Every structure is written in structure tokens, then in C-alpha cells.
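**Student:** give me a 3D structure for the following:
(one chain, ligands or ions: 1)
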Amino acid sequence: MVSSPGIGHLSPALFLGQRLVTGHNVRVTILIVNTTNTSETQSQLISTYTADTNISVIEIPAADISSIVAPDAKVVTRLCVMMRETIPTIRTAISSMDPRPDVLMGDIFANESWAIAEELKIPKYVFVTGNAWFTGLFAYSPVLDKKVVGQYVDLSELVEIPGCKPVRPEELTDPMLDRDDEAYRVYLDQAVGMTLTDGILINTWEHLEPQTLDALRNNEILRSLINDKPVYSVGPINKKYEPVSSKNEVIEWLDKQPERSVIYVSFGSGGTIPAEQMKELAWGLEMSQQRFVWVVRPPSGQSSDGAFLKPGPDSRGPNDSGPPDYFPEGFLTRTQKVGFVVPSWAPQVEILSHTSVAGFLTHCGWNSTLESITSGVPMIAWPLYAEQFMNATMLVEDLKVAVRPEVMPTKKVVEREEIERMVRSLVEGEEGKTMTNNVRRLKASAEEAMSMNGSSYISTCRFIQDCWSRVNLAKKQ
Ligand code: UDP
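**Tutor:** Next comes the predicted model:
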């Protein structure tokens with residue numbers, strides 16, 4: 001397996017690898033492309049999961065792209081160029097593996113490595129770490145590129161994807177928001193790359209996205225776009241709660257709070273919000289008079305993915321000497337009995353699994369979304385970048401497990417009253433109770449899917465069978 005940089009790509013690769021090793025008797029080696037600012041958290045994740053499950057890991061230093069890519073290039077561009085430039089090292093690493101791998105799998109940023117599979121004459125599979133709705137849009141993007149004139153965001157109608165729920169133009173995935181940007185070109189290349197693989201594994205499950213999975217398999221247009229290749233729903237693949245002997249400070253604090261009383265606020269591994277928005281969020285939390293845990297990262301300037309690829313503790317966190325200037329004056333003192341502020345990084349799965357947590361204000365990264373669902377925690381959807389706007393819409397409109405601010409968080413500041421209203425309704429209101437019941441049902445369906453003979457288990461078995469058929473066929477040729 002080839003994993004691109006970023007904990008949001010690495011952790012599902014590790015967990016899928018773990019599942020293949022423990023549940024399906026497969027040997028797995030993960031090639032992890034690492035940037036120089038890999039956090040301690042990421043290193044810990046790698047060592048824990050590789051020690052526990054016999055996954056072999058080859059860490060590959062990402063190529064230095066500072067002279068090729070503009071400093072303000074979008075994350076998608078940086079990731080794609082980084083992966084492309086690292087291909088020679090990946091090729092050498094794969095070629096020197098003994099025994100040689102039978103199958104190559106990679107995430108969507110690993111599309112340059114499909115050429116290596118072709119050279120070695122081995123099957124290649126893509127693991128989409130997002131959901132099926134995003135996969136449908138992704139597969140259909142090269143067609144949209146030919147059909148639509150001008151910027152997608154200027155369209156007055158919804159963007160149709162055959163057989164799937166349409167997408168609001170302003171909610172399209174990041175690289176589609178500006179067709180003149182380099183990121184759009186690399187995104188289209190990735191999309192074409194996905195259709196050239198021998199099959200697509202998606203981090204979703206049948207019950208979560210039945211219509212979209214059906215469209216990917218049976219809609220004539222989508223099917224022909226992905227060349228009739230099999231689509232496997234293998235999720236939810238995400239970190240599960242495991243009790244630990246030594247408790248983190250934040251967990252000790254949660255232990256002292258009443259059941260279902262705390263809002264957990266976090267914007268993923270790299271999400272940031274502007275200074276003005278941070279102040280409103282702080283005011284909103286305080287005014288709601290509800291308990292909260294807030295993973296705080298210093299505010300961003302321009303981009304909402306400001307800290308992506310640089311997760312981990314930040315020296316400007318609020319535990320440093322004196323309160324930071326991005327909170328309203330006196331905020332930390334006034335909320336010290338009800339709030340717990342964590343600088344930059346927190347044990348998210350442990351927090352979400354805690355009985356005192358009532359809701360999650362999240363940027364809707366797909367890993368965070370799955371962790372919330374599998375912990376039975378309803379959400380306040382606050383998307384920032386990538387395909388997170390689509391994820392938010394799905395959570396609010398289709399699954400009814402989240403509320404969402406009335407303004408788009410990246411377009412305009414969400415005001416304190418709106419934040420107060422959402423937090424209250426989630427913790428105290430009827431809406432919160434209904435969403436909790438809905439999300440608990442989803443949690444049960446996720447457990448069912450992953451259990452022996454559940455839909456994701458069966459889908460993974462099919463994937464393995466198909467792999468071996470292809471491997472045997474390739475060996476005969
Ligand atoms: N995460 C964490 N602690 C934090 C922030 C993030 O453990 O303080 C983990 C989170 O549990 C999730 C991943 O980082 O598994 C973030 O992935 P996601 O897809 O939600 O968002 P991304 O950061 O890739 O946008």
C-alpha cells in the first residue's frame with residue numbers, strides 16, 4: 001500500500017492494512033511518504049499499529065518540492081507534486097521488496113504509482129479514504145470538465161452526477177472551485193488515474209450510501225467511466241476506542257463531567273479559522289453556558305487548511321505563558337470551570353468515546369466524521385476545505401445527524417448567537433436528542449457492516465478473491 005502524507009490519509013491506510021492482516025490473512029507493507037515535519041503523533045501511530053499487527057512499514061522521505069511549487073500553492077497541488085517527485089524512490093523501494101508484492105494499492109494521491117504496478121505486471125487498486133458521493137463526483141469530473149463552460153461556482157443550477165445526489169456548485173470539492181488553478185488540473189489527472197485501476201475500495205458501507213454505491217456499480221454512465229471496475233465498500237475503516245492504562249489530562253477532566261454534557265470542538269489535523277471567527281466561536285461557546293473541550297490552533301490568515309501536513313503540538317498554544325491574543329479578553333478565566341482548551345492536538349477517538357461528550361463541532365473531514373458516527377455522537381458541521389462541504393450536506397440533509405450554521409463558515413463569519421443556538425440545541429434541545437438517536441442507529445449499522453458476514457466484511461472478502469484471481473491470471477500471462 002502507498003500512503004500519501006497527512007494523518008487523514010495515513011490512518012485509514014494503517015487501519016485497512018490492519019484489517020487485511022488480522023481478518024483476511026494477507027501480508028501488508030505500507031510505504032508511507034513522509035514530509036520532514038511529520039509530527040510525533042504520526043510517528044506514534046505508525047509504531048503502535050505496526051507493532052500490534054505485523055504490518056511492515058517503509059518510510060519514504062517526500063521529495064523536496066520547494067523549488068518546483070509556489071509557496072502559496074494549494075494543498076492538493078503540493079501533495080500531487082510531492083507524490084510525483086517521490087515516485088523514483090517509491091519505485092526503488094517496491095522493486096527491492098522481497099518477496100515482490102502481488103498487488104499494489106494506493107490512495108488517490110498515489111496515482112503516479114499505478115505505472116509501477118504496470119511495469120511489474122501486478123493488479124492495482126485505489127483506496128478512496130472519502131465517501132462514495134465524493135467518489136461519484138470524482139469519477140464524473142472529467143466529463144463535467146468537457147460539459148461545463150466557465151467556472152462551476154458561477155453555475156445557477158445544481159451540478160448533476162448520474163444516479164447520485166446533485167452537488168451545490170459552491171460545495172464542490174476544493175480544486176473544482178477555481179478551474180484556472182493548477183490544483184484543478186492535478187485533480188483531473190487523479191480522477192482519470194482512479195478509473196485506470198482494477199478496482200475501487202471506498203471507506204463507506206452499504207447502509208450509509210445505498211443510492212450512490214448502486215449508481216457507481218449500476219449507472220451506465222458512471223460504470224463506463226470507471227471501466228466497469230468493481231467497487232468495494234469496506235468501511236468504516238477508522239480508529240476504534242481502546243482503553244489505555246495511563247489517562248490523558250483531558251480524559252481525566254471529562255471523567256468529572258456529567259453524562260452527555262460536553263461539546264468537543266476540533267477542526268481536524270490541520271484546519272484553521274480566521275482570528276475574527278475564533279473570537280466569535282469563543283463567545284458562542286461561552287454564551288451557550290455548556291461544557292466544552294476545544295482543540296485550539298492559532299488562527300489562519302488566508303487558507304482554512306493552514307496547518308495541514310503540519311499536525312502536532314504548536315508552540316503558540318494556549319498553555320504557553322499568558323493567554324494568547326486570539327481569545328476574547330478574560331475568556332479562559334471566565335470559562336475555566338466549564339471549558340478545557342487543548343493546544344493543537346487531542347486524543348480524538350478517546351474523547352468522542354467518552355460518555356460525557358454530547359456533540360462534536362467538526363470540520364467534517366471524513367475520518368472525523370466516521371469517528372463521530374462510530375462513537376454515536378451527533379455533530380455541528382463546520383466544513384472548511386476539500387470535500388468537507390459535501391460531507392456536511394450529507395450529514396445534515398440525508399443522515400440527519402448534524403446541524404449546520406446558516407452561513408457558509410468560509411464565506412462569512414458565523415456569529416456568536418448562531419453558535420450559541422447550535423450548541424444549546426445539540427446538548428439540551430429536542431433536536432439534539434433526535435440526532436443522537438439517528439447517529440446511534442448509524443453506529444449500529446456500521447458495527448453490523450464490519451462484523452463477520454456484514455456487508456463490508458463480505459465486500460473485503462470479494463476484494464481479496466478478485467485480487468487473487470487477477471494475480472493468478474497475471475502470472476499465467
Ligand atoms: N485528530 C486527532 N486529534 C486532533 C485532531 C485530529 O486525533 O486533535 C485525528 C482525527 O481523529 C482524525 C484525523 O486526525 O483521525 C483527521 O482526519 P480527518 O479526515 O478528519 O481530517 P483532515 O485532518 O484529514 O482534514
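**Student:** ok, A346 - contacts?
**Tutor:** 248, 250, 266, 293, 295 (CB atoms under 8 Å, 6 or more residues apart in numbering). (Glycine included, C-beta is placed from N, CA and C.)
**Student:** among those, which ones lie close to the ligand?
**Tutor:** When contact is defined as CB under 6 Å from any ligand atom, those meet the ligand at 266, 295.
**Student:** what's the farthest-apart pair in the contacts of A346?
**Tutor:** N248 and S266 (14.3 Å; CB to CB).
**Student:** so which of the contacts of A346 sit within strands?
**Tutor:** Members of those lying in strands (criterion: DSSP state E): 266, 293, 295.
**Student:** if we can go back for a sec, so among the contacts of A346, where is pLDDT lowest?
**Tutor:** Minimum pLDDT for the contacts of A346 is recorded at N248 (90).
**Student:** make TSV out of the contacts of A346 and add neighbour count and distance to G330.
**Tutor:** Listed next are the contacts of A346 as TSV, based on neighbours: other CB atoms under 10 Å; distance: CB to CB, whole Å:
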residue	neighbour count	distance to G330
N248	14	27
V250	19	22
S266	25	23
V293	25	20
V295	21	21
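**Student:** rebuild the contacts of A346 as TSV, extending it with distance to Q348.
**Tutor:** TSV is the format used below for the contacts of A346 (distance: CB to CB, whole Å):
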residue	distance to Q348
N248	11
V250	10
S266	6
V293	10
V295	8
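**Student:** just the contacts of A346 now: which is nearest the ligand?
**Tutor:** The shortest approach to the ligand among these belongs to V295, at 4.4 Å (CB to the nearest ligand atom).
**Student:** in the stretch 1-150 of the chain, what residue lies closest to the ligand?
**Tutor:** Closest to the ligand within the stretch 1-150 of the chain is G8: 2.1 Å, counting by CB to the nearest ligand atom.
**Student:** tell me how far the host helix or strand of that residue lies from the chain's centre.
**Tutor:** Per DSSP states H and E, G8 falls inside helix 7-24. Put simply, helix 7-24 sits 14 Å off its chain's centre (CA atoms, centre = their mean, to the nearest Å).
**Student:** quick one: residues in contact with whichever helix or strand comes after that helix.
**Tutor:** Beyond helix 7-24 on the C-terminal side, the first helix or strand identified by DSSP H and E is strand 29-34. Outside strand 29-34, the residues that touch it by CB under 8 Å, 6+ apart are 1-5, 10, 13-14, 17, 42, 46, 55-62, 82-83, 86, 90, 93-94, 97, 101.
**Student:** buried sites along strand 29-34?
**Tutor:** Along strand 29-34, these residues count as buried under the neighbour rule (16 or more other CB atoms under 10 Å): 30-34.
**Student:** ok, the residue of the stretch 351-477 of the chain found nearest the ligand - contacts?
**Tutor:** Using CB to the nearest ligand atom, G365 is the residue of the stretch 351-477 of the chain that sits closest to the ligand, at 2.3 Å. Counting by CB under 8 Å, 6+ apart, G365 touches 8, 268-269, 271, 386, 388, 391.
**Student:** so can I have a markdown table of those showing distance to V21 and neighbour count?
**Tutor:** Formatted as a markdown table, those follow (distance: CB to CB, whole Å; neighbours: other CB atoms under 10 Å):
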| residue | distance to V21 | neighbour count |
| --- | --- | --- |
| G8 | 21 | 22 |
| G268 | 27 | 27 |
| S269 | 25 | 29 |
| G271 | 31 | 26 |
| A386 | 29 | 25 |
| Q388 | 30 | 31 |
| N391 | 29 | 26 |
